[in-house]
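Undergrad: Predicted model and sequence below, questions to follow.
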Amino acid sequence: MKKSSLSRLMLVVCVCALALAALGGCSKKPAVVTAPAPVEQVAEPIAEAPKPEPVEPAGPDYANLDPSQYGIEDVFFSYDQYDLGDVSMGVLSKNARILKEAGVTLMVAGHCDERGTIEYNLALGEKRAKAARDYLVSLGVPAGSLKVTSYGESRPFSNGHTENDWAQNRRAHFERP
Amino acid sequence: MTRLLKFAFLAAALAIVTAPAPAVAQGGRAEVEIDHTAKAVLKTDLRMGDFRALSDGKEVQETAARLREIVANDLLLSGLFRVGGNGFKPAELPFSWTIDATVEATAGGGPVTVNLNLLTWPDRQLVLTKRYRPGPDQVRTTAHHFADEVVRTAVGSEGIALTRIAFSRGRGDRRDIFVVDYDGEGLLRLTANRTLNLCPDWSPDGAETASGQVKQVIAMEGLNLGADWSPDGKELLISLSKGGDPEIYRITPEGKIIKRLTVSPAIEISPSWAPNGRELVFTSDSSGTPQLYMIDREGAGKRRVTFEGKYNDSATLSPNGEWLAYAAREDVVTQIIVMRPGGEDRRVVTDASWRNCEDPSWAPDGRHLVFASDRTGASKLYVYDVVEGGFRQLTFGNDPDITPAWSH
């Protein structure tokens, strides 16, 4: 009997359960945040008028907003690179201030342009996401509030094949987990 | 449960029909001297003779016609023969072959009886005869089995007519594992679990029971990428990023780590065993760009293999150890490269008209290579013949096909 008799075969399949994170991530309509009506102060000539309660403006409903709606920005990378430039570090500093206030848990997802191999791009995307995550943590964002994943080249933001499209697709993107 | 967990699965292919065991070969072996050292580049002439239906009936007629077509195609695809029909006049020197067959209804009913014969040409000495009783769904397997017997007898090498190619089909992060026969027939879907199934690999032996079930092997935090079975089937190579960035590990088929082989802050992925099982090739970007390296199975003796180009990945050594195939960035597209493991004879197999090509995988004959190219838009699989330099398209359709793995 031939060695490669195909009656019994075994496969190893590397399954990247990239889950459904981002599918749910961007589809929901953001809840509308209504600013409280300003409290009208009527001048009354009566002394000892009750002092109006100081009204705090309600904060954004972070849990139901896409991170971009409360000022979180993505960071972009050069071809085949995962180090953060000055611009990216500036963006992440701003993100860090917002995240510390918001106290939300976010997913940092690494993306790559279509060039290169699928496997290498999955690894590269993870490196990009971790670079962004690690810098945020170094700025005081709790490590537990940032998850990382990589979509490699599988979820491009721009579907064209020019350098402009590719530049859009090399990023660490922030999304609801 | 975080969503960054990625899973590797052990999948068991659906059992195919067992290759019909040939009945005892009949007829004496002819006294034929066969020079097995002849270079494969020199094709042997082979004439497809008559495949005669000896009894009436649709199944007998159809079986004869299908067998002739499939055997001829197998021998053509092997690259080893110049195949012709009845009118073909094979060269008489140094030697040539002819194949004929008879198909007849079996006394007492049941599957038809097939006799397939390999004879020398033109003196018609019988060298090989095989008898089969294939059911209607076993005609293809029977033809493939006989074609491999012809290759073994006439050329002295192992044929690939019974091999198959596993691959990932789908878009984005919804991809499933499919299997197709080496000639593009018999497409079969193996998974339907609505996640990203990538990088299948065949175990070297058939030791695991097949039932169509998918078994999870490893689910570490981070990326679990690119499992590759060791030649003895006892362990796997995998790239895991659970420690921070992807590193190469040897694991058991149960998912237990045997040994971590690389330690660096860079990306280490795409591990692939050398056929001797003592070394492996992998990709590391520790130099600043992804390049190929080899180390031994204990992680020692690291040496860089590629120095040309800024992007080399997905390396795999041919089963005879003679060739290294990999994917490399050439200008703006990724192309398939074949070279000797020592770096000699480097040639770019594809050109820009093939657009992006990746994930080469060797056939067990060490001559044919399957890879993915998006030259028609969606990524499809193609087979390359290293000896002759020809290509053929293996899979069709609109869904992208990636990460092919040729069975052993």
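TA: Here it is on my side, so go on. Owing to the predicted nature of the structure, the values given are computational and were not obtained by experimental measurement. Numbers count the residues shown, from 1 in each chain, chains lettered A, B, ... in the order given.
Undergrad: Within range of chain A, give me the residues from the stretch 301-408 of chain B.
TA: Contact residues, the stretch 301-408 of chain B versus chain A (CB under 8 Å from any CB of the partner chain): B:310-311, B:313-314, B:327, B:329, B:332-334, B:356, B:358-359, B:364, B:402-403, B:405, B:407-408. (C-beta placed from N, C-alpha, C; glycine too.)
Undergrad: Let's see stretch B:244-255 as PDB, backbone CA atoms only.
TA: What follows is stretch B:244-255, C-alpha atoms only, in PDB (Å, rounded to 0.1, in the frame of the first residue of the first chain):
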ATOM      1  CA  GLY B 244       5.400  39.500  23.400                       C
ATOM      2  CA  ASP B 245       6.600  39.000  19.900                       C
ATOM      3  CA  PRO B 246       6.400  36.000  17.600                       C
ATOM      4  CA  GLU B 247       9.100  33.300  18.300                       C
ATOM      5  CA  ILE B 248       9.600  29.800  16.900                       C
ATOM      6  CA  TYR B 249       8.600  26.800  19.100                       C
ATOM      7  CA  ARG B 250       8.500  23.100  18.800                       C
ATOM      8  CA  ILE B 251       5.200  21.700  20.200                       C
ATOM      9  CA  THR B 252       3.700  18.300  20.500                       C
ATOM     10  CA  PRO B 253       0.600  17.400  18.500                       C
ATOM     11  CA  GLU B 254      -1.300  17.900  21.800                       C
ATOM     12  CA  GLY B 255      -0.100  21.500  21.900                       C
END
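Undergrad: anything in it near chain A?
TA: Yes: for stretch B:244-255 and chain A, the contact criterion (CB under 8 Å from any CB) is met by B:Gly244, B:Asp245, B:Pro246.
Undergrad: I'd say the second one and A:Lys127 touch.
TA: Yes: B:Asp245 is within contact range of A:Lys127, at 6.4 Å (criterion: CB atoms under 8 Å).
Undergrad: intersection of neighbour lists for the two?
TA: B:Ile267 (CB atoms under 8 Å, 6 or more residues apart in numbering or on different chains).
Undergrad: So for the two, which sits in the more crowded spot?
TA: Neighbours were counted for B:Asp245 and for A:Lys127 using other CB atoms under 10 Å in any protein chain shown; A:Lys127 has more, 28 against 23.
Undergrad: mind checking which helix or strand that one is in?
TA: In this assignment (DSSP states H and E), A:Lys127 forms part of helix A:118-138.
Undergrad: Please apply the same query to B:Thr98.
TA: Assessed by DSSP H and E, B:Thr98 sits inside strand B:96-104.
Undergrad: Quick check: of the residues of stretch B:244-255 next to chain A, which lies closest to chain A?
TA: Minimum distance to chain A across the residues of stretch B:244-255 next to chain A is 4.8 Å, recorded for B:Pro246 (CB to the nearest CB).
Undergrad: So that closest one versus A:Leu84, what's the distance?
TA: Look at B:Pro246 and A:Leu84: by CB to CB, to the nearest Å, they are 19 Å apart.
Undergrad: These two - which one has more neighbours?
TA: Between B:Pro246 and A:Leu84, B:Pro246 has the larger neighbour count (other CB under 10 Å), namely 33 against 20.
Undergrad: That one reaches A:Ala123, doesn't it?
TA: Yes: counting by CB under 8 Å, A:Ala123 is a contact partner of B:Pro246 at 4.8 Å.
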